Structure formats: C-alpha cells, structure tokens
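J.: fold the following for me, if possible:
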Amino acid sequence: MQQAALDAAGIKTRYIRIQASPEEFADVVRLIRDKGFIGANVTVPHKQAACALCDDTDALSRATGSVNTLVFQKDGSITGFNTDGPGFSRAIREEFSVDLRDLKIVLLGACGGAGLALAYTCAMQRCERLTLAGRSEDKLRDLKNRLSSFFIDENRLEGASDRLAAHLNNTPRFNAALEDADLIVNATALGLKPTDPSPVSSSLFSAHHLVYDLQTHNDAFQMEARFQGARTANGLSMLIHQGALSFERWFGVKPDVAAMRQALERKDA
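T.: Prediction:
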C-alpha cells in the first residue's frame with residue numbers, strides 16, 4: 001500500500017518490512033534512524049514501546065500511550081503520531097458521509113489497543129453520545145473517567161453523564177444503547193477467525209444503524225447487520241486512511257489514496 005503511494009507520487013523511496021522482537025525493538029528503531037530512514041510504521045505489539053522512544057508526540061499518542069507512525073527528524077529526534085484515530089474518522093466520513101460529532105456511537109472493545117484510540121477520537125471530536133462497551137467493569141470505569149472531561153460543554157443542556165456511558169457487553173443497558181445508536185463499531189478481536197461469532201446478537205441490529213468493523217474482511221458481525229438492513233463497512237478504509245496520514249507526516253504531501261486502495265485489493269484478490 002505505501003509502496004504504491006510512493007510509486008504514484010514519483011518518490012524514489014522503498015517501503016520495507018522489518019520484523020523485531022520486543023527485546024530488539026528499541027535497538028532496531030535507533031538503527032534505522034541512524035541509517036537515514038525517513039520514518040516507520042509500527043504495529044502490535046510495539047506501539048506502546050514506540051511511544052516511549054519518542055521525543056515528541058501528538059495529542060492522541062499522549063492520551064493513549066500508543067504510536068503507530070514514527071518520523072525521524074534531521075536533528076536525530078523522533079516524533080510519534082497515532083494515525084489510527086484520525087484514519088477512523090476519515091473512514092466514517094468516506095463510508096457513511098457523516099462526521100463523528102453528529103453520531104450516537106457504541107464502541108465494542110473500547111478498552112483494547114485499537115478501541116482506545118477510537119474512544120479518544122470520538123471524545124476529542126465531541127460525538128453526540130459515546131457508549132463504551134467491553135468485558136471488564138474496572139477498565140470501562142477507568143476509561144470513562146479519563147474521557148469525561150471531553151463531554152462537558154457549557155453550551156449544551158446535557159451533562160457528561162448524559163453523553164458518555166460505559167456498559168458491560170450483553171446487559172440490558174448495553175442492549176438499550178445499541179437500540180438508540182446511530183453507529184456501532186466493532187474494535188474487538190471477534191471476526192479474525194472465520195468461525196468467530198458476531199459480538200452483537202443479530203436481533204439487536206436495525207435498518208437505521210451504521211455498522212463499522214475494524215476487520216478488513218467480511219465476517220459474522222457485518223453479515224448479521226446487513227441481514228437486518230443496516231449499512232455496513234469493513235476496516236479497509238480505515239487501514240488506507242491511517243496509512244495515508246502516515247505518508248503525509250513523512251513527506252508533507254497527500255498520497256494517491258486510489259493507488260493505495262488498488263494495491264490492497266490486488267493483495268486480497
């Protein structure tokens with residue numbers, strides 16, 4: 001995907017894959033910086049370690065403690081960005097022609113790595129309402145407390161408690177939040193395997209729902225939502241947009257998103 005963007009832009013640079021163990025990661029980052037690399041994308045399980053190596057980070061990285069894009073500066077310093085959140089925001093705009101700030105959102109898997117970036121992004125963009133869903137009551141309570149300040153608005157009649165909630169999966173309050181939601185987002189690991197069930201019962205989907213899945217392939221979550229008439233999209237668009245944002249950080253220009261999409265589609269064909 002990134003190589004396709006580089007080729008389309010006429011930038012004589014190669015994008016290569018480097019594997020590193022957690023023990024090797026910091027040394028590998030310093031090595032490629034010293035060898036003259038422009039930057040790097042970072043994936044699990046290294047995103048938190050990458051954040052710790054940075055001399056400066058963006059607001060989302062500081063909030064989540066997680067970085068997926070490194071930029072090596074001329075003075076040797078490292079700047080970190082989390083493009084997952086803004087990539088998600090762009091993906092929702094592309095898929096459904098609506099902004100996060102106008103939506104009542106239920107976020108499944110809110111306390112996980114990807115879910116955390118999305119939760120902060122929804123909060124930072126002052127979405128209409130955000131319901132955090134997960135399996136750990138303690139983690140949900142902690143995340144809700146961390147996000148509550150984003151939902152205090154003196155110009156709105158509703159208080160933070162009316163616009164931010166946290167519920168355990170498959171409880172009556174969780175079900176009620178789903179019924180009232182505009183957008184349901186799956187940031188859980190369910191769907192990675194073909195045999196995985198949907199994290200939401202089919203009967204809880206409705207035709208008015210927008211449904212976004214971070215999985216980049218079709219799965220039970222999407223199929224059951226479509227069966228009930230919901231509009232669905234998979235995570236391919238988020239993958240493309242977070243990558244495009246990384247490209248912008250490295251080179252200061254917007255990449256050819258169509259070329260990036262075509263490269264991914266050829267890979268999956």
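
J.: surely Gln215 and Thr188 touch.
T.: No: if you go by CB atoms under 8 Å, Gln215 and Thr188 don't touch, sitting 9.3 Å apart. Using the backbone N, CA and C atoms, a C-beta is placed for each residue, glycine as well.

J.: who has more neighbours out of those two?
T.: The neighbour comparison of Gln215 against Thr188 (other CB atoms under 10 Å) goes to Thr188, with 26 against 20.

J.: ok, the more buried one - contacts?
T.: If you count contacts by CB atoms under 8 Å, 6 or more residues apart in numbering, Thr188 has them with 108-109, 112, 115, 199.

J.: again with Asp55
T.: In this structure, Asp55 makes contact with 77-79, judged by CB under 8 Å, 6+ apart.

J.: then Arg90?
T.: 237-238, 241, 244-245 are the contacts of Arg90 under CB under 8 Å, 6+ apart.

J.: and it, helix, strand or coil?
T.: Following DSSP: H, G, I helix; E, B strand; the rest coil, we place Arg90 in the helix state.

J.: any idea how far it lies from Lys139?
T.: Arg90 is 27 Å from Lys139, where distance means CB to CB, to the nearest Å.

J.: cool, and His241?
T.: Taken as CB to CB, the span from His241 to Lys139 is 27 Å.

J.: between those two, who's got more neighbours?
T.: Neighbours per residue (other CB under 10 Å) separate His241 from Lys139, with His241 holding more: 23 against 16.

J.: ok, that one touching Arg93?
T.: No: using CB under 8 Å, His241 is not in contact with Arg93; the gap is 9.1 Å.

J.: joint contacts of these two?
T.: Overlap of the contact sets of His241 and Arg93 (by CB under 8 Å, 6+ apart) is empty.

J.: partners of Gly39 in the sheet?
T.: Val71 (DSSP bridges).

J.: that one: what's it in contact with?
T.: Each residue near Gly39 by CB under 8 Å, 6+ apart is listed here: 69-72, 246, 249-250.

J.: tell me how far the longest helix seen in the chain lies from the chain's centre.
T.: Determined from DSSP state H, the single longest helix within the chain is helix 236-251. With CA atoms, centre = their mean, to the nearest Å as the basis, helix 236-251 stands 12 Å off its chain's centre.

J.: helices or strands up against that helix?
T.: Counting contacts by 3 or more CB pairs under 8 Å, 6 or more residues apart in numbering; DSSP states H and E, helix 236-251 packs against helix 2-9, strand 39-41, strand 69-72, strand 78-81, helix 84-96, helix 257-268.

J.: now do the buried residues in the helix or strand that comes right after the second one.
T.: Moving toward the C-terminus from strand 39-41, the next helix or strand (DSSP states H and E) is helix 47-53. Using 16 or more other CB atoms under 10 Å as the burial criterion, the residues of helix 47-53 that qualify are 47, 49-51, 53.

J.: for those residues, which one is nearest Leu100?
T.: Proximity of the buried residues of helix 47-53 to Leu100 (CB to CB) peaks at Lys47, which lies at 21.8 Å.

J.: to which secondary structure element is Met223 assigned?
T.: Counting by DSSP H and E, Met223 is part of helix 220-227.

J.: same thing with Thr131?
T.: Short version, using DSSP H and E: Thr131 is in strand 129-134.

J.: for Tyr212, which non-adjacent residue is closest in space?
T.: Nearest non-adjacent residue to Tyr212, counting by CB to CB, 6 or more residues apart in numbering: Val185, 4.9 Å away.

J.: tell me the SS of the one you found?
T.: Put simply, Val185 is strand when judged by three-state DSSP.

J.: ok, now which ones touch it?
T.: 105-108, 118, 211-214.

J.: quick revisit: against which helices or strands is the helix holding Met223 packed?
T.: Against helix 220-227 (3+ CB pairs under 8 Å, 6+ apart) you get strand 210-213, strand 231-233.

J.: the first one: which residues count as buried?
T.: Read that as strand 210-213. By neighbour count on 16+ other CB under 10 Å, the buried set for strand 210-213 is 210-213.
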